[in-house]
Each structure stands twice: as C-alpha cells, then as structure tokens.
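Engineer: Got a sequence here, can you model it:
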Amino acid sequence: MKFYWDVDTNEAVYLVNVKDNTKEPVDKSGTLYKSVKSPGMWSIVPKNTAKLYELQRSVLIQAFDQEPKDVEIDFIPQQVVASPDAQFVAAINQSANSVEILNSLTYDRYADPIVVGGKPVDLLFSTNGKYLYSAEDNGTLTVIGVTYNDIAANYSFSIICTVSLDNTPSHIAVGPDEDYVFVTCNNKEDQQGHLVVIEKLSDTVFSVKNDVSVGLNAAGLATDPTGVLVYVANTGSDNVSVVGYSSLDDSFNFIRNIDNLATQPVDVAVGDPTGDTLLVVCKGSNKLIAVHHDDRGSSVRQELQLGTSPLSIDTDSSRAYAFVTNNGSNTVTLVGCGAGVSNCKILEAAIPTVGSPAGISLSLDDAMVFAASNTNQSLTVIKLTNYQMQGAPVDVGNIPTDIVISNDNKTVVTWHNALTSIGKGTYSKGLYIYNVATGAVTNKLNTTDVIGCIFSPQVPVKKPSSSPIMMTMWKCWTPLHSARS
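Structural biologist: Next comes the predicted model:
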C-alpha cells in the first residue's frame with residue numbers, strides 16, 4: 001500500500017501506526033509504501049514528545065496496492081513506454097523493424113506501425129509527449145513526431161528526422177528541459193562505450209552535440225533532476241560513469257567513475273527527490289546497489305537482493321519508489337528509495353509478471369507500471385490501485401485521537417485520549433461506536449474521560465435453553481484506570 005501526504009508545517013513529523021503504536025520520522029510531504037494485511041489507522045504527528053499530537057494542519061493521506069495483469073499481444077515487445085499525456089503506449093517490435101502504438105485501455109493497435117531503419121533496441125517519449133525517440137541497431141536515432149488532430153480527436157505519428165550515431169545504440173534518456181536526448185552506444189569491436197548527446201535545435205532539427213567516452217559496454221543511463229548530470233551504467237567495466245554539463249565550453253564532459261560495484265551493472269536510476277541516491281542494477285550479482293551520487297569510494301553504500309538476472313529499473317515521478325524487472329525469475333521488485341542511501345529497502349520482492357520481463361516504465365501519473373517480455377508476446381500491466389474515502393465522513397465527536405477495530409471487522413470504536421492535549425479545542429468524551437454494515441454511530445460513556453479501549457476475542461456466552469451465541473466484548477480505561485465492559 002502506498003501513502004501520500006502533504007503537511008503544511010515547518011516542523012519535522014512522524015508517521016504513526018496507531019494500531020501497532022509504532023512511528024517513524026518522515027518529511028513534511030512525501031510518499032511511502034507499507035505492507036498492510038489488516039485494517040488500521042495511520043496519523044501524521046509532530047516530532048515533539050512534549051506535545052505529541054499538537055499539530056493542527058491540513059493533512060492528506062492516500063494509499064495504493066499493486067494489481068498485476070498480463071496482457072497478450074501479437075509481437076514480442078521487449079520495451080513498453082507510456083505517453084505522458086495520452087491513452088496510448090509505444091512498444092518495440094524487432095521482428096518487423098517497427099514501433100507499435102497500442103491503446104492503453106484495450107492494448108489493440110492505436111495506429112499503424114511506424115517502420116524504422118533497423119531493429120529498435122530502446123524507445124522513450126519526451127517529457128511533454130510531443131516526440132517519441134527510437135534507437136535502432138543500425139546506428140540510428142529516429143525522431144517521431146506526435147501530433148494531436150483537433151478535428152479527428154486523435155493522435156498521428158510521423159518520422160521527423162533521423163540522427164546518425166557512430167556506434168550501436170543501447171539505451172535512451174531525456175533531460176527535464178527537452179533540449180537534449182542522451183543515448184548510450186558501444187563500439188562492436190572493442191566494446192568501448194559512448195554517451196552521445198543529441199541537441200534539439202528546432203522542432204524538426206536534431207543534431208549530435210557531444211560524443212563522450214565512458215566505460216565498456218555502456219548500458220542503462222539516467223539524468224539527475226536538473227539535467228546537468230548524466231549517469232551511465234557500464235556492464236563491461238563494473239562501474240558507473242558520471243558526465244556533466246559545463247557552461248564554460250557549453251558541452252557535456254566526462255567527470256569520473258563510481259567504481260567497485262557489483263558485477264555487470266546494466267541499468268541505473270536516480271532515487272529520492274533531491275537526486276542524491278543512485279540505484280545501480282547489477283545483473284551478474286542479482287543486486288541493487290544504492291550509492292551516493294558523489295561517491296568517491298568512501299561513501300556509505302547499501303546492497304539489496306533482487307531476483308534472478310535483473311535488467312531494467314524505473315522510478316515514479318517523485319523518485320521515492322523504483323521498480324526493477326527480474327528477467328530470470330519472472331518478477332518485478334519494488335524498492336523504497338525516497339530517504340537516502342541508508343534507508344533504501346525492498347518493499348515487495350517479487351510482484352509476478354509475464355515470462356522474462358525486460359524493459360519497464362511507469363506512466364507519468366504513476367498509476368500504472370508496464371513490464372515487457374523479451375521472449376513472449378505479452379506484457380504485464382501493474383495497476384497501482386488507489387484506496388480513497390468512500391462516502392461522506394462519519395461524525396465521531398471532536399478531536400478523536402485513537403481507533404480500534406473489532407476482530408470480525410464489523411465494529412469500529414474511536415475516542416479522544418484524555419491524557420492527550422491538542423490545541424485549544426474541546427474534545428468529546430466517551431466512545432463513538434461505528435457499525436460498518438449500517439453506518440450508524442452510537443456514543444457510549446459520554447460523560448467519561450477515556451484513555452484506551454480494546455476488543456477481547458469473541459467468546460461464547462450461554463443462555464438457558466439456548467445454543468451458545470457469540471458476543472464481542474470491549475474494555476476501556478479511564479484516567480483512574482477503572483475498567484468498564
């Protein structure tokens with residue numbers, strides 16, 4: 001389950017699991033995954049033990065779960081990417097040397113295949129959705145224009161231009177400002193890797209700006225949030241190259257390598273909203289290495305276990321979560337990465353997918369994840385289902401602080417803890433008991449200050465000349481610690 005929150009405060013805050021009485025420090029706004037197997041309640045409270053609950057702010061918390069679904073198509077996709085502003089996805093079809101456009105609701109063809117000059121090896125939409133870039137094995141980048149027709153109310157696709165690359169391309173990335181397209185390429189003879197920087201000169205003209213030598217067998221790549229730094233995973237030299245833009249000579253230049261990584265790094269992503277965390281997917285060791293972007297060999301690193309033969313990684317728009325395809329174990333791993341290198345952790349180790357998942361991408365609204373097979377004519381769509389409030393809020397008195405749910409999930413009890421001070425408001429006394437089936441709320445002990453309340457397990461209660469019936473018991477505590485049931 002994924003939580004979103006945004007607290008209007010300058011204070012640090014805790015995310016508190018009220019049911020388990022556990023808490024963890026979080027930023028004032030962010031996202032977080034939690035494994036939730038039973039009803040519960042979470043609260044945002046200030047990081048202040050003296051006045052634990054004194055935070056009268058506007059708070060929004062949402063959550064989602066993952067729902068994978070396999071989709072059959074009539075070609076092997078290898079990579080699927082979602083349009084950032086329309087209901088279609090693009091996929092690779094190497095057998096036909098084409099890029100396919102599919103309706104993201106039915107996964108039928110949205111438009112005719114776009115035939116390119118060679119076998120496409122990677123593709124990516126521009127951030128604004130106006131361009132679709134395809135890299136082909138004949139050393140070409142094809143720039144496809146995406147145009148909306150107001151009269152026909154649909155999109156059309158046409159090749160705008162092609163850019164010649166000196167070597168065989170591998171992966172594509174784009175910068176946040178739409179000015180540059182980055183392509184990793186490799187020399188077939190000596191495996192020397194290159195980062196080719198392609199500049200957009202006009203709406204229809206793209207040209208190579210820089211060709212920067214990196215490590216051996218350059219593979220996946222990623223840009224930092226500013227677009228100034230580019231990180232390249234070098235499978236053949238077990239490192240990540242850092243390339244940066246210099247305004248002094250208006251060019252991208254090699255800066256350094258991040259060395260001594262686990263074997264065969266095949267892809268890299270930038271985690272956390274500030275861009276400080278790099279996530280390096282290492283196929284040879286089945287590891288995800290979390291490392292600081294400015295690592296010089298002495299920074300803290302963390303190794304996380306992935307599935308078999310991991311291949312690709314993508315993050316959500318907040319860079320707080322990442323999804324990794326495990327080609328050899330037919331799964332996707334979900335990683336929490338929004339709070340720095342030391343706090344990266346596996347949230348879901350094995351979300352099931354189609355056989356041999358390869359490329360992976362998220363829709364721009366983070367509502368769907370697409371994992372494409374490189375052996376089967378299918379892909380997996382992971383729907384990130386939002387859990388939101390149903391119906392109108394239920395009135396349970398003023399300033400409730402605690403909640404408990406019966407073992408049969410039929411009754412919810414809330415109350416204000418009399419030992420808790422929250423601002424200047426007047427709290428309601430007693431217990432507010434909500435019937436899940438009917439929606440009715442009753443107030444019990446309405447003149448009593450309550451501290452805590454628990455449900456006992458269901459126990460049989462015998463009546464004369466009658467079969468045993470089941471009765472739910474609850475017990476609460478007042479400031480004098482007397483028990484009522």
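Engineer: Tell me how many other residues crowd residue 251.
Structural biologist: By the criterion of other C-beta atoms under 10 Å, residue 251 has 13 neighbours. Glycine gets a C-beta too; all of them are placed from N, C-alpha and C.
Engineer: wait, isn't it in contact with residue 210?
Structural biologist: Yes: under the criterion of C-beta atoms under 8 Å, residue 251 makes contact with residue 210 at 5.3 Å.
Engineer: if I pick residue 372, what's in contact with it?
Structural biologist: Residues counted as contacts of residue 372 (C-beta atoms under 8 Å, 6 or more residues apart in numbering) are 77, 78, 79, 80, 91, 92, 357, 358, 359, 360, 379.
Engineer: ok, now how distant is it from residue 307?
Structural biologist: 16 Å (C-beta to C-beta, to the nearest Å).
Engineer: SS state for the residue lying closest to residue 155 once chain neighbours are set aside?
Structural biologist: Counting by C-beta to C-beta, 6 or more residues apart in numbering, residue 148 is the residue found nearest to residue 155 once chain neighbours are left out, at 5.5 Å. What DSSP: H, G, I helix; E, B strand; the rest coil gives for residue 148 is strand.
Engineer: Residue 365 and residue 69, how far apart?
Structural biologist: Taking C-beta to C-beta, one finds residue 365 at 18 Å from residue 69.
Engineer: quick one, strands of the stretch 51-200 of the chain?
Structural biologist: Along the stretch 51-200 of the chain, the segments classed as strands by DSSP state E, counting those that start in this stretch run 63-72, 80-82, 88-93, 98-103, 114-115, 120-125, 131-136, 140-149, 154-164, 168-174, 180-186, 192-200.
Engineer: can you put those strands in a markdown table and add mean neighbour count?
Structural biologist: Listed next are those as a markdown table, based on neighbours: other C-beta atoms under 10 Å:
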| stretch | mean neighbour count |
| --- | --- |
| strand 63-72 | 15 |
| strand 80-82 | 25 |
| strand 88-93 | 25 |
| strand 98-103 | 21 |
| strand 114-115 | 16 |
| strand 120-125 | 23 |
| strand 131-136 | 25 |
| strand 140-149 | 17 |
| strand 154-164 | 15 |
| strand 168-174 | 23 |
| strand 180-186 | 24 |
| strand 192-200 | 21 |
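Engineer: closest to residue 333 out of the ones you listed?
Structural biologist: Across the strands of the stretch 51-200 of the chain, residue 333 has its closest neighbour in strand 63-72 (11.5 Å, C-beta to C-beta).
Engineer: strands paired with that closest one, and their directions?
Structural biologist: strand 378-387 (antiparallel) (DSSP bridges).
Engineer: average model confidence for the partner strand?
Structural biologist: Averaged over strand 378-387, pLDDT sits at 80.
Engineer: And stretch 441-449, by the same measure?
Structural biologist: For stretch 441-449, the mean confidence score works out to 93.
Engineer: Buried by neighbour count: which residues of that stretch qualify?
Structural biologist: 448, 449 (16 or more other C-beta atoms under 10 Å).
Engineer: again, but for stretch 220-236
Structural biologist: 220-224, 227-236.
Engineer: Need the CA coordinates for that stretch. CSV is fine.
Structural biologist: Provided in CSV are the C-alpha atoms of stretch 220-236 (Å, rounded to 0.1, in the frame of the first residue of the first chain):
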residue,chain,number,x,y,z
GLY,A,220,21.3,2.0,-19.0
LEU,A,221,21.5,5.6,-18.1
ALA,A,222,19.7,8.3,-16.1
THR,A,223,19.8,12.1,-15.6
ASP,A,224,19.6,13.9,-12.3
PRO,A,225,16.6,16.2,-11.6
THR,A,226,18.4,19.2,-13.1
GLY,A,227,19.6,17.5,-16.3
VAL,A,228,23.1,18.7,-15.6
LEU,A,229,24.5,15.3,-14.7
VAL,A,230,24.1,12.0,-16.6
TYR,A,231,24.9,8.6,-15.1
VAL,A,232,25.9,5.6,-17.3
ALA,A,233,26.0,2.0,-16.2
ASN,A,234,29.0,0.2,-17.8
THR,A,235,28.4,-3.5,-17.9
GLY,A,236,31.8,-4.4,-19.1
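Engineer: now that stretch, how far from the centre of its chain.
Structural biologist: 19 Å (C-alpha atoms, centre = their mean, to the nearest Å).
Engineer: Among the buried residues of stretch 220-236, which one lies nearest to residue 351?
Structural biologist: residue 220 (20.1 Å).
Engineer: Skipping its backbone neighbours, what lies nearest that closest one in space?
Structural biologist: Distance criterion C-beta to C-beta, 6+ apart; nearest residue to residue 220, sequence neighbours excluded, is residue 267 at 3.0 Å.
Engineer: Tell me what that neighbour is bridged to.
Structural biologist: Residues in beta-bridge contact with residue 267 (DSSP bridges): residue 281.
Engineer: What degree of burial does it show, as a neighbour count?
Structural biologist: Around residue 267 there are 26 residues (other C-beta under 10 Å).
Engineer: Distance of it relative to residue 349?
Structural biologist: For residue 267 relative to residue 349 (C-beta to C-beta), the value is 18 Å.
Engineer: and what of residue 292?
Structural biologist: Counting by C-beta to C-beta, the separation of residue 292 from residue 349 is 24 Å.
Engineer: Kindly report the same for residue 128.
Structural biologist: 35 Å.
Engineer: These two: which has the busier surroundings?
Structural biologist: Taking other C-beta under 10 Å, residue 128 and residue 349 do not tie; residue 349 has more neighbours (16 against 11).
Engineer: Helix or strand: which one has that one?
Structural biologist: Using DSSP states H and E, residue 349 sits in strand 345-352.
Engineer: Can you list the low-confidence ranges for the chain?
Structural biologist: 1-12, 18-21, 33-65, 385-391, 422-424, 457-475, 478-485 (pLDDT under 70).
Engineer: Let me see the contact set for residue 287.
Structural biologist: Contacts of residue 287 by C-beta under 8 Å, 6+ apart are 262, 303, 304, 305, 306.
Engineer: So which of these wins on neighbours?
Structural biologist: Neighbour-wise, the contacts of residue 287 (other C-beta under 10 Å) top out at residue 306, 27 neighbours.
Engineer: OK, contacts around that residue?
Structural biologist: Contacts of residue 306 by C-beta under 8 Å, 6+ apart are 281, 286, 287, 288, 324, 326, 333.
Engineer: The third one and residue 304, how far apart?
Structural biologist: In this structure, residue 287 lies at 7 Å from residue 304, with C-beta to C-beta as the measure.
Engineer: try the first one
Structural biologist: Applying C-beta to C-beta, the value for residue 281 to residue 304 is 10 Å.
Engineer: anything in contact with each of the two?
Structural biologist: With C-beta under 8 Å, 6+ apart as the test, residue 281 and residue 304 both reach residue 288.
Engineer: follow-up on the earlier one: tell me the one of the contacts of residue 287 nearest residue 344?
Structural biologist: Nearest member of the contacts of residue 287 to residue 344, counting by C-beta to C-beta, is residue 304, at 6.5 Å.
Engineer: Partner strands of the host helix or strand of the closest one, with direction?
Structural biologist: Using DSSP H and E, residue 304 sits in strand 301-305. According to DSSP bridges, strand 301-305 has the following sheet partners: strand 287-292 (antiparallel).
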